[in-house]
Every structure is written in structure tokens, then in C-alpha cells.
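[1] 3D, please:
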Amino acid sequence: MNKQRLLVSWIGGNDLNMPEGQMTGPIWATIQATKFDVIELIYNYSDDEIKPYVSLLSERVNCKVHARKANLSSPIDYEDIYIAAEQLLKDVVQSDSELSILLSPGTPAMQAIWVLLGKTRFPCTFYQASKEQGVQVINIPFTLSAKYVPAATKLNQSELNNLARLEAPIDTAFDDILTIESDFQVLKSQAQILAQQDVPVLIYGESGTGKEMFARAIHNASTRKDKPFIAVNCGAFPTELIDSILFGHKRGAFTGAISDKSGVFEQAHNGTLFLDEFGELDAVVQVRLLRVLQDGKFTRLGGSDEQSSNFRLITATNKNLINEVAQGRFREDLFYRVAIGVLQLPPLRMRQGDLDFLVDSLMQILAKEHSVLKGKNISYLAKKVIKEHKWPGNIRELKATLLRAALWSGSDCIDEAEIRQALFIMEGKKESLLDRDIHQGFDISHILAEVESYYIVKALEQHDGNKSKVAKLLGYNNHQTLSNRVKKLGI
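    Below is the predicted model:
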């Protein structure tokens, strides 16, 4: 008797983001490459998004297609994912089943649970599908004993991530930094390496990209995690109080100094000092900082006794400090003292592969904080609006927009119109590509990439994803050249 060939998979954003009437994504690629008798899918999206996909898939294949919704509090909650995935496999795997599991769709947490279950209680063939390498059978080179599978409530997040990625686990201090993009995962790995090395760190990034979140994660993953984390906004220093803020003061040092007060360097002793908006420091303050950064010694304002502090310094800025040094606005010796470990956080508009995941994750997080979001989700068309927006305020703006849209939404599903209403369009701040401020500095390759991405996406949308036609219209040699640019630009 022939065994029933069964494919199990999460439905991911790359499966749903397909041109109208066309099938794309890892699930479709795998079905095209290998024949199955039954396809069992599990999802964490709204039914409105899933039903059209499942309906079209069922029409295109000669086998049974079933889909069930998973009740997850978050797409990265291991306990909920474990319970949902285990129950699915219990329900669908029969004695005559030849089980295959597709790892590609879903979050790293979902992939990790598949690996755990597939290597213990549900023997299977693992598949992986990507545009670059096609559909492949994946050999996971280790075995697990079922008796060592922990209870769902005991699952260790970093160890399960390790199962999915087969690489060094990220410290749990970085769990709140949400991403599924490989480039951003690399940033988290680099930050973890820096956390273990007691060196100064400089974090670049636009407002709202998560600079302070990275700084706190580095502190919490370091040997100083049980000591103070002192955060200071350098752009908010009143000129007359700079010395007091930085170094503290003695009683009577100036009018209003009614008692002794410690400065931020003293408060950060044995811990971490985070100086945000570091590029805003004027020349006078830069000079005052230099000595304490050199030897950790300072004197309180109005005092005579020299004190010392053993602190770890993390700085952050949205300015290109190299350009500031070149223009004479920032001290070169100070720059090289703080820029030992350097992290460059990309703006949200450059994280297109993360947007669906971030929206779903933020909705889950906000639902725990605000009852008005409980049970709400985002429609497919609303997510398209989100992807088209430039997000000048980055993650902070996205979070506020989702909350604002939920407050105004009258149903369980936030639609396209409600997202548009919740967006703030600041036309006055829009810069012409030909009118950028040279003094602020910018990477011209990013501007060229922005223009190229805009027209590629526009052309693909207008011509139903026909790459040959788009390549001809936009002057590329052939559709393969266009495909290479699409990959390079992260479209």
C-alpha cells in the first residue's frame, strides 16, 4: 500500500504577497517541485487574508488542501507555537503518512519548533524553498531523543533559535528587538559580540530605529547587567548646567545648589552610560568629555577632590560623525575614542522584508497594553499601504500609527482607509532628491537605490509582475538582470 504524501507548513508573508491571480512563494514552489496527496497549512493571519490564498491554491493543485488558524499571542511565542504545531501534527499524521515539513515560511521560532518536533516525535523530510536556491531537501545534522523534549512552558528561546539556524544563539536580552531579516539578525549577532567585550560602542541610526533598545540590550547581555544603566539625551543639555549634569556638584557651587549631587559619570560607576544624540554636543562640551573618557577621572563642580568612575560608554547619533569631523564640527580624537564597536541601524523603509512580521508582532504587543487592540488584526490591503509609506519616524511611528488606527477602527479588522487616516503625511519635510543638504552628509548610493526601487516596484505592479516586460521598459539588459537588481535592493 502506497503511503500518503503529506506536506505541512506555516503560511508566511512571502506566500500571501503575490500578484493578483498568480501563485508565488515557498509553498507554491515546493508543491511545483514535489508531488503531495495532502497539504496541511497553519496560519496566524486574519481569515480575510488567508481565504483567497487557500481558495486559489486549491484550484491550482490536484490534491486536498486544508488550513487551520493558530491562536498565537505572538508569532515569536514558543509556547503557543509549540502547542499549535504539535496539535496539528497529532491530528494529521497517520500511520500511513509520509510526512514532509516546509521550514521556509514563518518566523525563526516557528522553524525551530518544526525542527524540534520533526527530529523527535514526527519523523519527516525537511524542505526549504528560496528564490535564489529553489526547493531543497534539508539535512539537519543532529538527532534528539524525545524523552528530552521539554514541556512547552519550559522551552528555552535561545536554544530553540539555535536549532533553527544552527548557529550561536542570541542572548535573550535581545529578544525585544524584532526581526526575521537576515541582515538585521547579523546586527543583533554583532551587538551580542560587542556586549561581551567591554569596549565603547557607537550606534548610528535615524530617530526611532531602536538605538536605545540596542544600547539597553548590549548592557543587559554584558557582565555589567546588574549595575546601573544611565541614559542621557545630549541634545537636551542646558548650557549652564552641563558640568553639573556630567560631573555633579557640591552644595553651594552655584545658586540653587542646595545639596551635593552626583553627575551621570558617577551614577554609571560599574555600569553603562548611554549618551544619546551624541553628535549634538558643542565643541566646549566635547573638550570636557575627552579627559573623563581617557582616564575615567573627574571633579564635581565646586569641589576639589578628584573622583573616578569605571563605566562602559555607549553613544548614539543620527549624524554622520566622520563628515562632522571632516567639517571641523566634531573632535577627531573624541570620535576615535567612542567609535570602537560601531553599529549602523537601517531605517524602517529599508526593512521591507520585516514589515509584515513587525506589524503582526507590534499588534500582539499593543494588545497586551491596550484592550482596544484585543482581537484586532490588519487587512491585506492595509498592509500594502503600510509597505508604501516611507516611515520617517521608523518603528516609533509605526507603533503609534497602529494604535491610532485601532482606536478609530469600528471592526476587528483594520482596513486600508483606517490605516491611511492614521498616517501623518508631512509634505513640508519632504526633501527633493536634487535638494539634499550636503553639509549633513548622505550616502548617494542610497538615493540612487531609492529611485531605482521606486520605479521597479511601480512597473512590476502595473504589469502584473512580468519581469521581461518591466526589464525592457526600464532599460535592463534582460529579466535576469532585473531579478538581480530586485534581490540586491531587497524588494
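[2] How about the most centrally placed residue in the chain, nearest residue that isn't a chain neighbour?
    The residue lying closest to the centre of the chain (C-alpha atoms, centre = their mean) is Thr179, at 3.0 Å. Counting by C-beta to C-beta, 6 or more residues apart in numbering, Asp354 is the residue found nearest to Thr179 once chain neighbours are left out, at 5.4 Å. Backbone N, C-alpha and C define where each C-beta goes, glycine included.
[3] and that neighbour, that one's in a strand?
    No - secondary structure of Asp354 (DSSP: H, G, I helix; E, B strand; the rest coil): helix, not part of a strand.
[4] contacting residues for it?
    Residues touching Asp354, when contacts are defined by C-beta atoms under 8 Å, 6 or more residues apart in numbering, comprise Leu178, Thr179, Ile180, Glu181, Phe184.
[5] And Glu332, how close does it get to Leu321?
    10 Å (C-beta to C-beta, to the nearest Å).
[6] who does whatever helix or strand Ser55 lives in touch, helix- and strand-wise?
    Counting by DSSP states H and E, the element that carries Ser55 is helix 47-60. When contacts are defined as 3 or more C-beta pairs under 8 Å, 6 or more residues apart in numbering; DSSP states H and E, helix 47-60 sits against helix 13-16, helix 26-33, strand 38-43, strand 64-69.
[7] buried sites along it?
    Buried residues in helix 47-60, defined by neighbour count with 16 or more other C-beta atoms under 10 Å: Glu49, Ile50, Tyr53, Val54, Leu56, Leu57.
[8] circling back to that earlier point, so can I have a markdown table of the contacts of Asp354 showing secondary structure and distance to Arg5?
    Formatted as a markdown table, the contacts of Asp354 follow (DSSP: H, G, I helix; E, B strand; the rest coil; distance: C-beta to C-beta, whole Å):
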| residue | secondary structure | distance to Arg5 |
| --- | --- | --- |
| Leu178 | coil | 35 |
| Thr179 | coil | 34 |
| Ile180 | coil | 29 |
| Glu181 | coil | 32 |
| Phe184 | helix | 36 |
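[9] For Asp91, state which of those residues is nearest.
    Top of the list for closeness to Asp91, among the contacts of Asp354 and by C-beta to C-beta, is Ile180 at 26.9 Å.
[10] ok, back up a step: in the contacts of Asp354, which residue is surrounded by the most others?
    For those, neighbours were counted by other C-beta atoms under 10 Å; the highest total belongs to Ile180, with 23 neighbours.
[11] Quick check: which element contains the closest residue to that one other than its chain neighbours?
    Counting by C-beta to C-beta, 6+ apart, the nearest residue to Ile180 once its immediate chain neighbours are dropped is Phe357, at 4.8 Å. Secondary-structure element containing Phe357, defined by DSSP H and E: helix 355-369.
[12] Can you pull out the residues in contact with the next helix or strand after that helix?
    Counting by DSSP H and E, the element after helix 355-369 in chain order, helix or strand, is strand 377-378. Contacting residues not belonging to strand 377-378 are listed as Tyr45, Ser46, Val359, Asp360, Met363, Ile386, Leu402, Asp412, Cys413, Ile414, Ile419 [C-beta under 8 Å, 6+ apart].
[13] Which two of the buried residues of helix 47-60 have the greatest separation?
    In these, two members sit farther apart than any others by C-beta to C-beta. They are Glu49 and Leu57, at 13.3 Å.
[14] quick one: Glu181 and Ala29, what's the gap?
    As judged by C-beta to C-beta, Glu181 and Ala29 stand 20 Å apart.
[15] To clarify, my last question referred to Leu366.
    The gap separating Leu366 from Ala29 is 34 Å, by C-beta to C-beta.
[16] Among those two, which residue is more densely surrounded?
    Applying other C-beta under 10 Å to Leu366 and Ala29 shows that Ala29 carries more neighbours, namely 21 against 18.
[17] rewinding a little: would you convert the helices and strands packed on helix 47-60 into TSV that also reports mean pLDDT and distance to Leu373?
    As requested, these are arranged in TSV below (pLDDT from 0 to 100; distance: least, C-beta to C-beta, whole Å):
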stretch	mean pLDDT	distance to Leu373
helix 13-16	85	20
helix 26-33	91	29
strand 38-43	94	20
strand 64-69	93	18
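[18] Show me what the helix or strand containing Leu482 is packed against.
    Assessed by DSSP H and E, Leu482 sits inside helix 479-489. Helices and strands touching helix 479-489, as assessed by 3+ C-beta pairs under 8 Å, 6+ apart, comprise helix 444-462, helix 467-474.
[19] need those helices in JSON lines with mean pLDDT and mean neighbour count, can you?
    Compiled in JSON lines, the helices and strands packed on helix 479-489 are given as follows (pLDDT from 0 to 100; neighbours: other C-beta atoms under 10 Å):
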{"stretch": "helix 444-462", "mean pLDDT": "83", "mean neighbour count": "14"}
{"stretch": "helix 467-474", "mean pLDDT": "88", "mean neighbour count": "17"}
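[20] what about those, which gets the closest to Lys35?
    Distances from Lys35 to each of the helices and strands packed on helix 479-489 were compared using C-beta to C-beta; the shortest belongs to helix 467-474, at 27.3 Å.
[21] Against which helices or strands is that closest one packed?
    Under the contact rule (3+ C-beta pairs under 8 Å, 6+ apart), helix 467-474 is packed against helix 444-462, helix 479-489.
[22] Where do the helices of the stretch 251-400 of the chain begin and end?
    With DSSP state H, counting those that start in this stretch as the criterion, the stretch 251-400 of the chain has helices at 264-267, 283-295, 321-326, 332-338, 355-369, 380-388, 394-408.
[23] no, scratch that, I was asking about the stretch 51-200 of the chain
    According to DSSP H, counting those that start in this stretch, the helices that the stretch 51-200 of the chain contains are 78-92, 108-118, 157-165, 182-196.
[24] before we move on, the earlier item: a markdown table for the helices and strands packed on helix 479-489, including distance to Ala236?
    Listed next are the helices and strands packed on helix 479-489 as a markdown table, based on distance: least, C-beta to C-beta, whole Å:
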| stretch | distance to Ala236 |
| --- | --- |
| helix 444-462 | 29 |
| helix 467-474 | 47 |
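[25] To Gln196, which of the ones you listed lies closest?
    With C-beta to C-beta as the yardstick, what comes closest out of those is helix 444-462 (31.2 Å).
[26] Appreciated, that's everything.
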